[in-house]
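quick check, what structure comes out for this input:
(chains A, B, C and D)
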Number of protein chains: 4
Amino acid sequence: MIEESTVVAFADIQVGDGGVLLAAGPCSVESEEQIIRTAHLVREAGANMLRGGAFKPRTSPYSFQGLEAEGLKLLAKARQETGLPIVTEVLSPEDLDLVAEYADLLQVGARNMQNFPLLKKLGQIDRPVLLKRGMMCTVKETLMSAEYILSGGNSSVVLCERGIRTFEDATRNTLDLSAVSLLKEWSHLPVIVDPTHGTGYKSLIQPMCKAAIAAGADGLMVEVHPRPEEALSDGFQSLLPYEFEEVVNQIRPYLELEGKQIHHA
Amino acid sequence: MIEESTVVAFADIQVGDGGVLLAAGPCSVESEEQIIRTAHLVREAGANMLRGGAFKPRTSPYSFQGLEAEGLKLLAKARQETGLPIVTEVLSPEDLDLVAEYADLLQVGARNMQNFPLLKKLGQIDRPVLLKRGMMCTVKETLMSAEYILSGGNSSVVLCERGIRTFEDATRNTLDLSAVSLLKEWSHLPVIVDPTHGTGYKSLIQPMCKAAIAAGADGLMVEVHPRPEEALSDGFQSLLPYEFEEVVNQIRPYLELEGKQIHHA
Amino acid sequence: MIEESTVVAFADIQVGDGGVLLAAGPCSVESEEQIIRTAHLVREAGANMLRGGAFKPRTSPYSFQGLEAEGLKLLAKARQETGLPIVTEVLSPEDLDLVAEYADLLQVGARNMQNFPLLKKLGQIDRPVLLKRGMMCTVKETLMSAEYILSGGNSSVVLCERGIRTFEDATRNTLDLSAVSLLKEWSHLPVIVDPTHGTGYKSLIQPMCKAAIAAGADGLMVEVHPRPEEALSDGFQSLLPYEFEEVVNQIRPYLELEGKQIHHA
Amino acid sequence: MIEESTVVAFADIQVGDGGVLLAAGPCSVESEEQIIRTAHLVREAGANMLRGGAFKPRTSPYSFQGLEAEGLKLLAKARQETGLPIVTEVLSPEDLDLVAEYADLLQVGARNMQNFPLLKKLGQIDRPVLLKRGMMCTVKETLMSAEYILSGGNSSVVLCERGIRTFEDATRNTLDLSAVSLLKEWSHLPVIVDPTHGTGYKSLIQPMCKAAIAAGADGLMVEVHPRPEEALSDGFQSLLPYEFEEVVNQIRPYLELEGKQIHHA
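This is a model prediction of the structure:
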């Protein structure tokens, strides 16, 4: 067991050592109205961070690729209006300076967990990083990827379990909650859980949020969209704002049992 | 969502609809002293059922194969001394009548989840069945295997998630807690979790027990051995009795949050 | 490398050490006309063994479960008419004596590779066994299961690679041809390949048959049905007799390169 | 079935439509002496391309990361001395121009198969690309990643199967030869196989090379090192030059059966 836990702090929020990250928002930033409205709604529901993708890693080149720089500006606007800090994905070392101008927390997606040039560059900047576990990466490999960032000099890394690929086809991925406990045992870093990608199945998000907290997670990241049926990506797995609020209410007693709390900016 | 939950009842214990199964004991029955002592210890720690294998499915023919009929008698003796009902595995249709003479709950192991002749015969007897998910079986296949028993006329089936095989090698299997929530959503049957085989890693058992309850599980099955270093099988993953007691104490507030309780015989 | 290879012999056929098993036929025995017609057709196409299921391990209790004893009699009739020896599956120790009355080669299916009571009983009879690798089982576990039969006193075991479960969803399973080479390196037993279940995809059967021979396989087992669209099971992956003949013609030069030949009864 | 096959051509070599790529060389470029000596040896053994990593994607930041720009220069020197064209990996869009100055064929490694910014940039240059299947990626996703390059305007893409992650632990990965046949059926692109990473097991390389050709592969990529025990990476799975020559001799009759030949620059 690690004696001292690392606390990753930004915008008056502390993640780790009792502090909980609760990030919510759409898969993709789609329009000013969409992201600002969602930001207000998730803030009211209890989130302390807004998530939203501007640069999107899509399997097909013919799918919506994100609003890119324009999306970052809209996220900044949503932050200004609501006070919520923002987490968004960076796909490439070439975009890092641009994304770091806007993001409070820089997300490395599952497909980039072993994008070593990106990790090395993240080790050299002064901005916290959210490192998602690759869908085919082991717990040990996840820690080795974190080590690329830490050994470069950036000590603010939050890990994220988001499901791994298995033979099971009822869910989009298999959420590996034992990895959360193991990452907490083997490292000093905060660990959060993304049950939306972890299951791809709306009715599983609430029980998996509770189970993640019980397994020791320091936070959650949940996809929320005000009109999922119109979403340009991942609508099928996005919660409505009132459903997200229900999730937040459900997890509060579990956080209390674990002696943890959601700080707000 | 299923309107009515099935309650599986035996020996004054009810599993499902708020009733919790807490089975504990050694991987294998090894001697009279071992099983009776363990039975007393897990009962004091809070278990309401004794587990112990008499017929053991071992990968190698040169490994300890269990005490077989003699093991069943020792389990019965432990039940008589402690009042704890017993769950033990049946490997073959040929042994079913013998095992059913002794067991309060008949366990079908992961390797036999698709042993259809065994399932068919279990459908025709009047004794509850604990059906463990195969380590490479989907949630849907698990329900189809339960259907073999149910459609045969035996409506007392408890399902058990015990980890699936994946590429992750830090744990023995990958415990799939989303399967627990999904089995609860798609069926009316009680679902328990075996974190011992699910992780094969002692320090993960406590957090996974808490997470299982938070995910909706109706019970737990945990390997406990008074001297794990001398166990003839699975010693590396067995808890000591005082460690198990600690687990029971840790899960109590989670059970309370879920409105569930451990009945005792 | 093992110095001496085991040759499994029956009905004038030798499998191993240059001798090739080429088993073909329907997934299930469905009627006298179906099995006898198929037997003639696969014999003419070059097969030296007839396959056909009488006891069927089906995921759902509501699917066709096989003709059972009646199916065995029809297989015997097909053997009498064509001279082809027969391979058919045994699901349970209780059925072993019955199935062994009819089968020249007793098949243990993938779901039963770790059905240890069945394996133990197969170790005590005087009849060759075809042991299929479980879809969840490692190469080492496959050899341990063979050891149950061998250590019981039955030295006639043929191993069969038939695909394992992975995340890939374009194929029914992932055919692991490196397992064939590894089983040949680590043991003295003949190894055959079932590309029908291994891929579940008709157009892959021909290239995988060629690749299996190139990887060192001592034989093949292929599903063939005269009217796949009417098959009671697995029609989608069954070859038509003329397609199977094409496969046989395609593999002949590869067998020659490997110095192997198909014996006929 | 695709009517017309794409032929990827460079340095008098044609890959696809009967033309075979046979790339061999060390995992990493380590020194001038090492790479030039290896180039001579693999050329004499029958290779028509030299492989060697200058930018290395290593799991741990503390492992050897490659000679980078210096490694590229040594590869060019080896090409000058032997006439062998070179394939080497590009890890990042930022390095693409530099690597493209030296490489005849630009390799995208398994960990970067879904590095979409890199793929997009590769679509805009005039240099052939070797796209390795991700160890976590389906056949369909592999084709979607190729589509990123093709739709950008670069039509010279060679695909490479190199094993996927499964539960099997006897091999480093599970080589999926059915994916080779499927990629050939579903696309017009040439497909090669890397049995070194696909198995991580020296004695499997020869049978898997033969099986790959039998499955329809248009080439092979094999790790060869003159002193594997001194290699800075992957020594355990590298063939000695004379072992590689033996592999080449073994596959020649299989290439002949398939009507394919190895062109030389």
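
grab the nearest non-local neighbour of the residue in the stretch 101-250 of chain A positioned nearest to chain D.
Among the residues of the stretch 101-250 of chain A, A:Met136 lies closest to chain D, at 2.9 Å counting by Cβ to the nearest Cβ. For glycine as for every other residue, the C-beta is placed from the backbone atoms N, C-alpha and C. Distance criterion Cβ to Cβ, 6 or more residues apart in numbering or on different chains; nearest residue to A:Met136, sequence neighbours excluded, is D:Met136 at 2.9 Å.

helix or strand for the one you found, which one?
Per DSSP states H and E: D:Met136 is located in neither a helix nor a strand.

need the pLDDT of it.
In the prediction, the pLDDT value recorded for D:Met136 is 93.

ok, so what distance separates it from A:Ile164?
9 Å (Cβ to Cβ, to the nearest Å).

still on that earlier bit, residues in contact with the residue nearest to A:Met136?
For D:Met136, the residues meeting the contact criterion (Cβ atoms under 8 Å, 6 or more residues apart in numbering or on different chains) are A:Gly134, A:Met135, A:Met136, A:Cys137, A:Arg165, C:Phe167, D:Ile164, D:Arg165.

one more time with 7 Å, if that's ok
Applying Cβ atoms under 7 Å, 6 or more residues apart in numbering or on different chains, one finds that D:Met136 lies in contact with A:Gly134, A:Met135, A:Met136, A:Arg165, D:Arg165.

so which bits of the stretch 51-200 of chain A are right by chain C?
Within the stretch 51-200 of chain A, the residues that sit near chain C (Cβ under 7 Å from any Cβ of the partner chain) are A:Arg165, A:Thr166, A:Phe167, A:Asp169.

so the second one sits right up against C:Phe167, yeah?
By that I understand A:Thr166. Yes. Counting by Cβ atoms under 7 Å, a contact exists between A:Thr166 and C:Phe167, whose distance comes to 6.3 Å.

in terms of neighbours, single out the busier of those two.
With neighbours defined as other Cβ atoms under 10 Å in any protein chain shown, A:Thr166 and C:Phe167 compare such that A:Thr166 has more, 26 against 23.

how about the more buried one, what does it touch?
Counting by Cβ under 7 Å, 6+ apart, A:Thr166 makes contact with A:Thr174, B:Ile164, B:Thr166, B:Thr174, C:Phe167.

quick check, nearest of the residues you listed to B:His263?
B:Ile164 (29.8 Å; Cβ to Cβ).

thought B:Met135 was touching the closest one, still the case?
Yes. Look at B:Ile164 against B:Met135 with Cβ under 7 Å: they come within range, at 5.5 Å.

so what sits against both of those two?
Taking Cβ under 7 Å, 6+ apart as the contact definition, B:Ile164 and B:Met135 share the neighbouring residues B:Asn173.

taking the stretch 1-150 of chain A, what residue is nearest to chain B?
Checked against chain B (Cβ to the nearest Cβ), the nearest residue in the stretch 1-150 of chain A is A:Val139, 4.7 Å away.

now that residue: phi and psi?
Per-residue torsions, A:Val139: phi -60, psi -40 (degrees, to the nearest 10).

OK, contacts around the residue lying closest to it once chain neighbours are set aside?
Among residues not flanking A:Val139 along the chain, B:Ala170 sits closest, at 4.7 Å (Cβ to Cβ, 6+ apart). Shown in contact with B:Ala170 (Cβ under 7 Å, 6+ apart): A:Thr138, A:Val139, A:Lys140, A:Leu182.

show the buried residues in those.
Among the contacts of B:Ala170, those that count as buried by neighbour count (16 or more other Cβ atoms under 10 Å in any protein chain shown) are A:Thr138, A:Val139, A:Leu182.

from what I see, the first one and B:Asp169 are in contact.
Yes. With contact defined as Cβ under 7 Å, A:Thr138 counts as touching B:Asp169 (6.3 Å).

heading C-terminal from the helix or strand in which A:Phe244 is found, find the next helix or strand.
Under the assignment given by DSSP H and E, the secondary-structure element containing A:Phe244 is helix A:241-257. Using DSSP H and E, the helix or strand that follows helix A:241-257 in sequence is strand A:261-262.

pLDDT for the residues of the stretch 51-200 of chain A next to chain C - can I get that in CSV?
Output for these, formatted as CSV (pLDDT from 0 to 100):
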residue, pLDDT
A:Arg165, 97
A:Thr166, 98
A:Phe167, 97
A:Asp169, 96
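
now, which of those lie within helices?
Among these, no member falls in helices (criterion: DSSP state H).

mind listing the strands for the stretch 101-250 of chain A?
When secondary structure is read from DSSP state E, counting those that start in this stretch, the stretch 101-250 of chain A shows strands at A:105-108, A:129-132, A:157-161, A:191-193, A:219-223.

between these, which one is closest to C:Ala47.
strand A:157-161 (50.2 Å).

now the angle from the closest one to strand A:219-223?
Between the direction of strand A:157-161 and that of strand A:219-223, the angle (axes from the mean of the first three to the mean of the last three Cα atoms, to 10 degrees) works out to 60 degrees.

centre of the chain versus strand A:157-161, how much separation?
On the basis of Cα atoms, centre = their mean, to the nearest Å, strand A:157-161 is displaced by 8 Å from the centre of the chain it belongs to.

other residues contacting that strand?
A:8, A:15, A:21, A:128-133, A:142, A:146, A:149-150, A:175-176, A:179-180, A:183, A:189-194, A:198, A:221.

quick check: mean pLDDT of it?
Here strand A:157-161 scores 98 as its mean pLDDT.

what does stretch A:26-43 give?
For stretch A:26-43, the per-residue pLDDT values average out at 97.

hmm, it touching chain D?
No. Interface with chain D: stretch A:26-43 contributes nothing (Cβ under 7 Å from any Cβ), its closest point being 14.3 Å away.

contact partners of the strand ranked longest in chain A?
Looking only at chain A and at elements set by DSSP state E, the strand with the highest residue count is strand A:19-25. Outside strand A:19-25, the residues that touch it by Cβ under 7 Å, 6+ apart are A:7, A:13, A:15, A:38-39, A:42, A:46-52, A:87, A:158, A:192, A:218-222, A:224, A:244, A:255, A:260-263.

please check those and keep the buried ones.
Among the contacts of strand A:19-25, those classed as buried by neighbour count (16+ other Cβ under 10 Å) are A:7, A:13, A:15, A:38-39, A:42, A:46-52, A:87, A:158, A:192, A:218-222, A:224, A:244, A:255, A:260, A:262-263.

to C:Lys77, which of the strands of the stretch 101-250 of chain A lies closest?
Shortest distance between C:Lys77 and the strands of the stretch 101-250 of chain A, using Cβ to Cβ, is found for strand A:157-161: 58.1 Å.

need the residues of the stretch 51-200 of chain A near chain D, please.
Listed as neighbours of chain D in the stretch 51-200 of chain A under the rule Cβ under 7 Å from any Cβ: A:57, A:59-61, A:91-94, A:111-112, A:114-117, A:134-136, A:141, A:144, A:147-148, A:151, A:165.

if any of these are buried, put those into a ChimeraX selection.
Typed into ChimeraX, the line below selects the buried ones among these, using 16+ other Cβ under 10 Å:
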select /A:57,59,61,91,92,93,94,111,112,114,115,116,117,134,135,136,141,144,147,148,165
